[in-house]
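Asks: Got a sequence here, can you build the structure:
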Amino acid sequence: MNLVSIRGVGKKYRIGKRMELMGRSFRDRITDFVLARGSVDDSQEFWALRDVTFDVAENEVTGVIGRNGAGKSTLLKIVSEISEPTEGEITIRGRVSSLLEVGIGFHPELTGRENVYLNGAILGMTREEIRRKFDEIVAFAEVENFIETPVKRYSSGMYVRLAFAVAAHLEPSVLIVDEVLAVGDIAFQRKCLGKMEDISRQGRAVLVVTHNMSIITQLCTKVVWLDRGRVIDAGETSRVVSKYMSEGVTSMMSWKPEKPAADGDVFAYHEFAARRADGEGEDEDAIPGDAALDLIFDYTVLGFINPGRLSFRINREDGLVVLTSSNTDTTAASHAPWVVGRHRVKCTIPGGLLAPAKYFVTISEPTARGNVLHENVVSFTISDQNSLVSRDRREGVVAPKLEWIE
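Replies: Numbering: from 1, shown residues only. You can find the predicted model right below:
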């Protein structure tokens, strides 16, 4: 049975000068209205979602993926009945519990105990239901020692643990989770994944948004891929994730930004490339299993940037995160200032480390406001040639040749 049915849903906003009315006084609005009479409305329509159709069934965990601005959070807000669609309809069977933002519904001056009752009531739980589940909620959130402390003194991790615990113990027909698990530590993420799996096994459903493809492939039975507000694909997880990971990689081994640096930018990439360390096989589609691989960052620092890092993440084609690294792996480097000028930095992946598969690389870019990510900018394939995986039929994500000493 479908617990959520989404049919032709669209959400339209108007952007332009009319948006400037937000926050203005009533007198200013009247003045603007009089002056605008007879003028052309230069505001524009923007469709955050358009013609979105899919179902979420019981015993099912559905993932929603897509790049920033694809419409994922807008969709979840509509399903959560926080906002209404411009067109289309959504049918929901049963109670919905939403966790769209860390600590939403919490009052900073109230204690953890008081916020459990407040948040539970907001989500639709009765006082008796909250009282009966209170100890279980607190134990799950691991905040027993701080439950009488005002939550304004909680860390972001404590916030999200308590918020997730309340939402998950509501026993909703549909649990909606939007990226908030990124705040918790690894151990708590595993606990949350287990709880969501339990919810789906109990005949209920979970709708989850995350950029972490490892969580998507581990947890979800179905995936919906959104891009610019429309459904690009939907269906079996591994197939859709593989297609999503491959999308937008225009050059296999090299990436250059589409736009030059703008005024005010403090950092600009010239190129990011993945190349065989021995300089051979530049025209080959695949890299032998025993060949080392250089990841090369070519960039210019244009102005002052707070100490930060260059980093990369390697995902396997099915979305599994294989490894991450940064140029601040040593503590001293993490405090080093950026030097204005052009730089070329190389990180070498040893030969024999990666098992045969197709891989995608995501890189970071430091800005004045913090790091941003460029997802899946290059891809490369490790072949069976000279790979210990093929020779010995080994299992595992990596296949290093290790030294054995007697």
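Asks: Can you name the residues that contact the closest residue to residue 217 other than its chain neighbours?
Replies: Nearest in space to residue 217, with sequence neighbours left out and distances taken as CB to CB, 6 or more residues apart in numbering, is residue 319 at 4.4 Å. The C-beta positions use only the backbone N, C-alpha and C, and glycine is treated the same way. In this structure, residue 319 makes contact with 213-214, 216-217, 241-242, 245, judged by CB atoms under 8 Å, 6 or more residues apart in numbering.
Asks: Three-state assignment for residue 75, please.
Replies: Each residue gets one of three states, and residue 75 gets helix by DSSP: H, G, I helix; E, B strand; the rest coil.
Asks: any idea how far the residue nearest to residue 217 lies from residue 354?
Replies: Summarising the geometry, the distance separating residue 319 from residue 354, computed by CB to CB, to the nearest Å, is 16 Å.
Asks: So for residue 200, what's the nearest residue that isn't a sequence neighbour?
Replies: Counting by CB to CB, 6+ apart, residue 61 is the residue found nearest to residue 200 once chain neighbours are left out, at 4.9 Å.
Asks: Which helix or strand contains the one you found?
Replies: Element membership of residue 61 [criterion: DSSP states H and E] is strand 60-65.
Asks: Okay, domains of this structure per the record?
Replies: Following automatic domain parsing, one finds the domains of the chain at 2-246, 254-392.
Asks: Residue 406 is nearest to which of these?
Replies: Distances from residue 406 to each of these were compared using CB to CB; the shortest belongs to domain 254-392, at 19.8 Å.
Asks: quick one: the closest one to chain centroid distance?
Replies: Its chain's C-alpha centre lies 19 Å from the corresponding centre of domain 254-392 when counted by CA atoms, centre = their mean, to the nearest Å.
Asks: Check stretch 154-162 too.
Replies: Taking the mean of its C-alpha atoms, stretch 154-162 sits 19 Å from the chain's own mean (CA atoms, centre = their mean).
Asks: Identify each buried residue in that stretch, please.
Replies: For stretch 154-162, the neighbour count (16 or more other CB atoms under 10 Å) marks 154, 158-162 as buried.
Asks: now residue 370: how far from residue 305?
Replies: Separation of residue 370 from residue 305 (CB to CB) stands at 10 Å.
Asks: Compare these two (neighbour count), which wins?
Replies: For residue 370 against residue 305, the residue with the higher neighbour count under other CB atoms under 10 Å is residue 305, and the figures read 16 against 10.
Asks: and the residue nearest to the more buried one when sequence neighbours are not counted, how many neighbours does it have?
Replies: What sits nearest to residue 305 in space, not counting adjacent residues and going by CB to CB, 6+ apart, is residue 338, at 4.6 Å. Around residue 338 there are 18 other residues, counting by other CB under 10 Å.
Asks: Make sure I have this right: residue 338 is in a strand.
Replies: No: when classified by three-state DSSP, residue 338 is found to be coil rather than part of a strand.
Asks: hmm, back to that, going by distance to residue 90, which of the buried residues of stretch 154-162 wins?
Replies: When the buried residues of stretch 154-162 are compared for distance to residue 90 (CB to CB), residue 160 comes out closest, at 26.5 Å.
Asks: pLDDT at that closest one, what is it?
Replies: We have a pLDDT of 80 for residue 160.
Asks: One more: the one 3 residues further on?
Replies: As predicted, residue 163 sits at a pLDDT of 84.
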